[in-house]
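# Here is my input; please provide its structure:
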Amino acid sequence: MTNPTERCLFCRIANGDINARKVYEDDKVLAFEDINPQSPTHVLVIPRRHIATLDDVTEADTLIVGELVRRAAAIARDQHLNSEGYRLVVNCGEAAGQTVFHIHIHLLGGRTFGWPPG
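Model prediction:
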């Protein structure tokens, strides 16, 4: 059977096999524009290492999950979203709307959001 990371869209983007409009990258995190934006700003922030869902996060992943949130907030500041507000979304599982099974944070901004979401 093929390695799941070889089939994972976000792993392929992180490895450079598929082009993306990158917003930020370092050795652990990659952020890129969503190809189907749900707001004027819609950035996906992912770990380079494959973790399928939030249910798969272990204690050893604590630092990378914190770094994803920290990086999303930094990108929001860089894009001046923090003055009006922005939303971070993480979907876990198909019923919650997760379509790519590689954890990621949606950074959404540039418009007013309603509550409850969904």
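# C-alpha from now on. contacts and neighbour counts both.
Fine.
# For residue 87, identify the helix or strand it belongs to.
In the assignment (DSSP states H and E), residue 87 maps to strand 86-89.
# contact partners of that strand?
For strand 86-89, the external contacting residues (CA atoms under 8 Å, 6 or more residues apart in numbering) are 72, 76, 105, 106, 107, 108, 109, 110.
# That strand pairs with which strands?
In the sheet containing strand 86-89, its partner strands are strand 105-109 (antiparallel), by DSSP bridges.
# list the buried ones in the strand it pairs with?
Residues of strand 105-109 classed as buried by neighbour count (16 or more other CA atoms under 10 Å): 105, 106, 107, 108, 109.
# what does stretch 94-106 give?
Of all the residues in stretch 94-106, those buried under the rule 16+ other CA under 10 Å are 100, 101, 102, 103, 104, 105, 106.
# rewinding a little: hey, C-alpha coordinates of the strand holding residue 87 in PDB?
Listed next in PDB are the C-alpha coordinates belonging to strand 86-89 (Å, rounded to 0.1, in the frame of the first residue of the first chain):
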ATOM      1  CA  TYR A  86     -10.300  37.500  12.100                       C
ATOM      2  CA  ARG A  87     -11.400  33.900  12.600                       C
ATOM      3  CA  LEU A  88      -9.300  30.700  13.000                       C
ATOM      4  CA  VAL A  89     -11.100  27.500  12.200                       C
END
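# Any buried residues in it, and which?
Buried residues in strand 86-89, counting neighbours by 16+ other CA under 10 Å, are found at 86, 87, 88.
# got a pLDDT number for the last one?
According to the model's per-residue confidence, residue 88 sits at a pLDDT of 97.
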